[in-house]
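**Student:** sequence unknown, structure follows:
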């Protein structure tokens with residue numbers, strides 16, 4: 001039987017429910033690492049089931065810098081209007097807008113980035129990974 005401290009630690013780390021954490025720990029005889037793997041696998045399974053859901057609700061957020069020279073408008077979609085009205089969602093939308101304004105993006109979509117910029121970045125990443133294990137350097141190709 002899983003002890004309360006392990007259940008709470010697993011819950012805190014994964015965000016999974018208390019009962020789900022307890023069951024995972026019970027299943028592997030209190031082996032925390034194995035229980036963590038079980039929770040992660042179940043989480044991915046849940047995520048794959050949700051990927052087919054439509055996100056027809058959401059909000060449009062905006063940010064205009066105080067000097068009026070930078071402006072950002074972003075649409076973030078979600079499944080329900082209840083979520084869209086949630087204070088946490090609203091703050092997330094504001095944070096996204098401010099982050100975009102702060103990073104000075106060069107494009108809106110990946111396809112809009114010129115091939116010269118992409119190749120320059122790739123060469124830089126390959127140069128940075130010289131001397132590293134091949135599995136790391138291959139990811140940059």
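**Tutor:** Structure's in. What do you need? In this text the structure is predicted, and so the values were computed from the model without any measurement. Numbering: from 1, shown residues only.
**Student:** use CA for all of it now, contacts and neighbours both
**Tutor:** Noted.
**Student:** Give me the below-cutoff pLDDT ranges for the protein.
**Tutor:** Of all residues in the chain, those with pLDDT under 70 make up the ranges 44-45, 47-49, 135-141.
**Student:** Break down it into its helices, ranges please.
**Tutor:** Assigned by DSSP state H, the chain shows helices spanning 4-14, 18-27, 32-50, 81-85, 87-103, 115-128, 134-138.
**Student:** Would you mark the buried spots in the fifth one?
**Tutor:** I take that to be helix 87-103. Residues of helix 87-103 classed as buried by neighbour count (16 or more other C-alpha atoms under 10 Å): 89, 90, 93, 94, 96, 97, 98, 101.
**Student:** can you check the fourth one too?
**Tutor:** Using 16+ other C-alpha under 10 Å as the test for burial, helix 81-85 gives 83, 84.
**Student:** What is it packed up against?
**Tutor:** strand 57-64 (3 or more C-alpha pairs under 8 Å, 6 or more residues apart in numbering; DSSP states H and E).
**Student:** how big is the angle separating the strand it packs on from helix 87-103?
**Tutor:** Orientation note: strand 57-64 sits at an angle of 40 degrees relative to helix 87-103 (axes from the mean of the first three to the mean of the last three C-alpha atoms, to 10 degrees).
**Student:** Give me the residues contacting strand 57-64.
**Tutor:** Among residues not part of strand 57-64, those counted as contacts by C-alpha atoms under 8 Å, 6 or more residues apart in numbering are 70-81, 83-84, 93-94, 97-98, 101.
**Student:** Residue 90 and residue 96, how far apart?
**Tutor:** In this structure, residue 90 and residue 96 are separated by 10 Å, where distance is defined by C-alpha to C-alpha, to the nearest Å.
**Student:** Would you confirm that residue 14 contacts residue 39?
**Tutor:** Yes - with contacts counted by C-alpha atoms under 8 Å, residue 14 reaches residue 39, the gap being 7.4 Å.
**Student:** which residues do these two both contact?
**Tutor:** By C-alpha under 8 Å, 6+ apart, residue 14 and residue 39 have no common neighbours.
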